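Fold the following and give me the result.
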Amino acid sequence: MDGRDRVRARRVGLGGFAVALALPALLFHRLIEDIASEFRLDLGYLVAEWAPWVLIAAGLAFAVPVVWSAGRNPDGRWYPRARKAYAGWATVLYLLGMALAMQVAQISGTF
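Numbering: from 1, shown residues only. The predicted structure follows:
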């Protein structure tokens, strides 16, 4: 992989991460406002209303080492050895969170 491919891989990784970060806020901003405006310390409320956002945040957190290592040498010191596992967890948690967010939005009538 030459220098331009590495730079391109980093740009694509950062761009994809930025889109994944902004997408839930763009799609569900009204729903997030509604949920946050009714905040209360109730286990049922916290699990039912906030679980999608926790899953999305966890998926994005698992994506950070994957994005950070994009275009880097796989034999390098700072390359995560479990990169594929991180990518798998990031994908699964993010998609599960988005699916649950869509269900919550449909139930609440905001989507």
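
Which residues are in contact with residue 14?
Contacts of residue 14 were listed using Cβ atoms under 8 Å, 6 or more residues apart in numbering, and they are 67, 70. In short, each C-beta sits where N, CA and C put it, glycine included.

next one: residue 32
Contacts of residue 32 (Cβ under 8 Å, 6+ apart): 24, 25, 53.

now those: which count as buried?
24, 53 (16 or more other Cβ atoms under 10 Å).

would you list the contacts of residue 32 in a markdown table and tack on pLDDT and secondary structure?
A markdown table is the format used below for the contacts of residue 32 (pLDDT from 0 to 100; DSSP: H, G, I helix; E, B strand; the rest coil):
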| residue | pLDDT | secondary structure |
| --- | --- | --- |
| 24 | 95 | helix |
| 25 | 93 | helix |
| 53 | 95 | helix |
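
Just give me the residue right at the centre of this protein.
In the chain, the residue lying closest to the centroid (Cα atoms, centre = their mean) is residue 60, at 3.2 Å.

same for whatever helix or strand that residue lives in, what does it pack against?
Here residue 60, judged by DSSP states H and E, is contained in helix 43-68. Here helix 43-68 touches helix 3-37, helix 83-108, going by 3 or more Cβ pairs under 8 Å, 6 or more residues apart in numbering; DSSP states H and E.

Off-centre distance for that helix?
Centroid displacement of helix 43-68 relative to its chain, using Cα atoms, centre = their mean, to the nearest Å, is 7 Å.

go on, stretch 96-108?
Relative to the centre of its chain, stretch 96-108 is centred 15 Å away, using Cα atoms, centre = their mean.

Give the buried residues for that stretch.
For stretch 96-108, burial by neighbour count (16+ other Cβ under 10 Å) applies to 96, 97, 98, 100, 101, 104, 105.
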